[in-house]
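Asks: task: produce atomic coordinates for the following.
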Amino acid sequence: MTVGLEHFLILSAILFSIGLYGALAKRNAVVILMSIEIMLNAVNIAMVAFWRYGHLITGQVFAIFIMVVAAAEAAVGLAIIISIYRSRETVDVEKIDLMKW
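Replies: I've put the predicted structure just below:
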């Protein structure tokens with residue numbers, strides 16, 4: 001049995017579904033950020049698989065771009081969460097109501 005494009009796309013869909021569930025169902029801000037990272041990695045797997053089986057260089061370019069965005073999102077997101085934790089002493093997204101007076 002050989003591993004084909006379908007296998008990578010199924011893996012990517014499963015990882016994306018797990019990340020989507022974590023981002024929508026969890027209340028902890030750190031877990032939500034980790035779930036978003038899982039979703040971005042699922043997209044990376046799909047892009048690299050399309051590059052491998054389609055021989056298009058754009059898959060690698062998009063994968064590198066997604067890695068850059070993921071790194072920036074992690075750095076900025078964690079900085080915001082640490083700042084909110086220092087002021088509110090919680091990372092529960094339902095208790096963080098910065099826009100309310």
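Asks: the closest residue to G4 other than its chain neighbours and M67: what is the separation?
Replies: Distances taken as C-beta to C-beta, 6 or more residues apart in numbering put Y53 closest to G4, at 7.3 Å, once the chain neighbours are dropped. Every residue, glycine included, has its C-beta placed from N, CA and C. Applying C-beta to C-beta, to the nearest Å, the value for Y53 to M67 is 20 Å.
Asks: likewise I32?
Replies: 20 Å.
Asks: comparing the two, which shows the higher neighbour count?
Replies: I32 (20 against 13; other C-beta atoms under 10 Å).
Asks: tell me the buried residues in the strand or helix carrying the more buried one?
Replies: Using DSSP states H and E, I32 sits within helix 29-54. Neighbour-count burial for helix 29-54, counted by 16 or more other C-beta atoms under 10 Å, picks out 29, 32-51.
Asks: over to stretch 7-21?
Replies: The neighbour-count check on stretch 7-21 (16+ other C-beta under 10 Å) flags 8-9, 12, 15-16, 19 as buried.
Asks: contacts for it next, please.
Replies: Contacts to stretch 7-21, defined as C-beta atoms under 8 Å, 6 or more residues apart in numbering, come from residues 35-39, 41-43, 45-46, 48-49, 52.
Asks: for stretch 46-66, same thing?
Replies: Taking C-beta under 8 Å, 6+ apart as the rule, stretch 46-66 contacts 4-5, 8-9, 12, 40, 43-44.
Asks: change it to 7 Å
Replies: Stretch 46-66 has contacts (C-beta atoms under 7 Å, 6 or more residues apart in numbering) with 5, 8-9, 12, 40, 43-44.
Asks: look up the closest residue to A23, ignoring the ones flanking it.
Replies: Of all residues not flanking A23 in the chain, S35 sits nearest, at 4.1 Å (C-beta to C-beta, 6+ apart).
Asks: surely the one you found and L24 touch.
Replies: No. Taking contacts as C-beta atoms under 7 Å, S35 lies outside contact range of L24: 8.4 Å.
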